[in-house]
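Participant: Model the following, please.
(one chain, ligands or ions: 1)
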Amino acid sequence: MASGEEDGALEEKETNNKKRTKSIIATAWLMFYNIAMTAGWLVLAVAMTRFYLQKGTHKGLYRSIARTLKFFQTFALLEVGHCAIGIVRTSVIVTGVQVCSRIFMVWFITHSIRQVQNQESVILFLVVWTVTEITRYSFYTFSLLNHLPYFIKWARYNLFIVMYPLGVIGELMTIYAALPYVRKAGMYSLRLPNKYNVSFDYYYFLIIVMLSYIPLFPQLYFHMLRQRRKVLHGEVIVEKDE
Ligand SMILES: CCCCCCCCCCCCC[C@@H](O)CC(=O)SCCNC(=O)CCNC(=O)[C@H](O)C(C)(C)COP(=O)(O)OP(=O)(O)OC[C@H]1O[C@@H](n2cnc3c(N)ncnc32)[C@H](O)[C@@H]1OP(=O)(O)O
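Facilitator: Model (predicted):
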């Protein structure tokens, strides 16, 4: 009996040790990830400001920062993994929609359709993303260090009220500007007849993507409003989509 109890205690101790080691590794990784992402978006902010100050125009700005942007925005795919393996307490769905829509904008719109790269709307969403991400990743970094300055917490849960709609406007205007070029070039489209007997029209796909902002964006926005009430005003909120 006594030996059974001892075995149980030993097992519990081992499980706790394993959990602690896992949590140390996860925290160290998140620390590295958040610092790298804060630095990446700061580099983008500096590069965009320098370009504009030197050239006095936004034309050519996207091209000058495209590589860095693509790298750091694609790297953000890891965030979906963080939620999936449970090292951060965020919904996989919310993070998935947020990250995938950005990846889509970067690779399948601005990278693929050169004609839109100098649109003012591209600068709009770039500036909005940059401000948001510097705030968000520094929020996570300082939170992990248990030394979160109040202004960063305030910025994380207030700026989005304006930044989110502005970002969406920039993204939608850019997709809209891309439509004529996509239609003219017939890009990423598959016409019948073909050996797979499948047809796909990227032009109409983009219209569906634009329409999907109508049901999806309010969900992300209200999620952030709930997070804001929880973090800034201490309200207890029960999430349904976890
Ligand atoms: C194939 C075609 C696809 C097309 C799809 C079309 C869909 C279109 C609809 C989407 C429109 C999106 C448009 C968007 O791109 C526009 C913009 O982004 S504009 C810029 C403004 N944006 C924002 O402000 C974004 C705000 N949103 C978010 O931040 C996100 O909701 C999200 C990133 C998912 C964060 O979610 P959540 O609020 O749930 O998480 P928290 O930050 O509160 O974190 C929860 C807890 O987890 C800890 N955590 C999370 N991540 C980390 C990390 N990296 N390191 C350490 N810790 C982390 C965090 O500290 C919290 O912990 P605790 O609860 O203990 O405090």
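
Participant: Quick one: low-confidence residue ranges for this protein.
Facilitator: Applying pLDDT under 70 to the chain picks out residues 1-4, 18-19, 22, 237-242.

Participant: Enumerate every residue touching the closest residue to the ligand within the chain.
Facilitator: Here the chain gets closest to the ligand at one residue, Gly167, 2.1 Å apart by C-beta to the nearest ligand atom. From N, CA and C alone the C-beta is placed, and that goes for glycine too. Neighbour list for Gly167: Leu124, Phe125, Val128, Trp129, Thr132 [criterion: C-beta atoms under 8 Å, 6 or more residues apart in numbering].

Participant: So which bits of stretch 212-227 are buried?
Facilitator: Leu216, Phe217, Leu220, His223, Met224, Gln227 (16 or more other C-beta atoms under 10 Å).

Participant: got these as TSV, with distance to the ligand columns?
Facilitator: Shown next, in TSV, are those (distance: C-beta to the nearest ligand atom, whole Å):
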residue	distance to the ligand
Leu216	4
Phe217	5
Leu220	6
His223	6
Met224	5
Gln227	4
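
Participant: Those in helices, which ones?
Facilitator: By the criterion of DSSP state H, membership of those in helices covers Leu216, Phe217, Leu220, His223, Met224, Gln227.

Participant: Next up, phi/psi of the spatially closest residue to the last one that is not a sequence neighbour, please.
Facilitator: Across the structure, with C-beta to C-beta, 6 or more residues apart in numbering as the measure, the residue nearest Gln227 apart from its sequence neighbours is Tyr157 (6.7 Å). With angles defined as degrees, to the nearest 10, Tyr157 shows backbone torsions of phi -100, psi 10.

Participant: going forward can the numbers begin at 689, since that is how I track them
Facilitator: Yes, from this point I'll number from 689; that puts the last item at Tyr845.

Participant: what about Tyr845, how many neighbours?
Facilitator: 20 (other C-beta atoms under 10 Å).

Participant: Dead centre of the protein: give me the residue that sits there.
Facilitator: Val787 (3.9 Å; C-alpha atoms, centre = their mean).

Participant: any idea whether that one is helix, strand or coil?
Facilitator: With DSSP: H, G, I helix; E, B strand; the rest coil as the basis, Val787 sits in helix.

Participant: all helices in this protein, in order from the N-terminus.
Facilitator: 690-743, 749-763, 766-773, 780-791, 808-832, 838-844, 848-873, 890-921.

Participant: Name the stretch among the ones you listed that sits most buried.
Facilitator: Neighbour counts (mean count of other C-beta atoms under 10 Å) averaged over each of the helices of the chain peak at helix 808-832, with a mean of 19.

Participant: now for that helix, which elements pack on it?
Facilitator: helix 690-743, helix 749-763, helix 838-844, helix 848-873 (3 or more C-beta pairs under 8 Å, 6 or more residues apart in numbering; DSSP states H and E).

Participant: Who are the packing partners of the third one?
Facilitator: Looking back up the chat, that one is helix 838-844. helix 808-832, helix 890-921.

Participant: Same list (those helices) but as a markdown table, adding distance to Ser752.
Facilitator: Shown next, in a markdown table, are the helices and strands packed on helix 838-844 (distance: least, C-beta to C-beta, whole Å):
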| stretch | distance to Ser752 |
| --- | --- |
| helix 808-832 | 11 |
| helix 890-921 | 26 |
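
Participant: how distant is stretch 872-882 from the center of its chain?
Facilitator: 30 Å (C-alpha atoms, centre = their mean, to the nearest Å).

Participant: Before I go, just wanted to say thanks for your time.
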